[in-house]
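Student: Please work out how this folds:
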Amino acid sequence: MRLVQWILTKTRDVKRSVFKWPPKYRGWREHRKVVEQVREARGLALLREWLSAEQRAQFEASRCFEVIGCHSRKRYRIYHGIGGNVYELGEDNRPAVSLCFVPDGRLVAGDVMLAQKIALETNESSALEIANKNTVPVLARR
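Tutor: Okay, here's the model as predicted:
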């Protein structure tokens, strides 16, 4: 609940500050920083709403969560990030293949992760078709 209140407060602050900008845009960097913080917070809030209770617990504990592909029933781990953050898990429950696929547009991490989750859970084969794939060396596996 505190996160939602913070987002609403920051959103109001951003709206107010836009109309108070001086002609030379002093404080633009600070304004831009607040806007980015609000975008990030909203993205993560939306992601949390879409996660199952188990996924939410995983995400809160380690900034990643697991999904099961709808076609192959393979397990994937999605880490916090905007690209190269999806891993297919091997038999040993460790990342075996790194996947990179992202939606179009300049999105924050929470929105990208939500799109990746939905893609793998509803149309896994299409997501894998467009993904760049790399094997993860055994020593580098998280």
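Student: so what are the domain limits for the protein?
Tutor: Here the domain parsing of the chain from automatic domain parsing is 1-50, 53-142.
Student: right, so those domains: which one is the most enclosed?
Tutor: Ranked by mean neighbour count under mean count of other Cβ atoms under 10 Å, the domains of the chain are led by domain 53-142, which reaches a mean of 16. C-beta here means a position set from N, CA and C on the backbone, and glycine is covered the same way.
Student: re the thing from before, mean pLDDT added to the domains of the chain, as JSON lines?
Tutor: Below are those laid out as JSON lines (pLDDT from 0 to 100):
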{"stretch": "domain 1-50", "mean pLDDT": "76"}
{"stretch": "domain 53-142", "mean pLDDT": "93"}
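Student: so the residue lying closest to V112 once chain neighbours are set aside, which of the three states?
Tutor: The spatially closest residue to V112, leaving aside those adjacent along the chain, is I82, at 4.7 Å (Cβ to Cβ, 6 or more residues apart in numbering). The three-state label given to I82 by DSSP: H, G, I helix; E, B strand; the rest coil is coil.
Student: so I82 makes contact with L107?
Tutor: Yes. Contact between I82 and L107 holds when scored by Cβ atoms under 8 Å: they sit 7.1 Å apart.
Student: and the longest helix along the chain, how far from the chain's centre?
Tutor: Longest helix in the chain, counting residues (DSSP state H): helix 28-50. Using Cα atoms, centre = their mean, to the nearest Å, the distance from the centre of helix 28-50 to the centre of the chain it belongs to is 12 Å.
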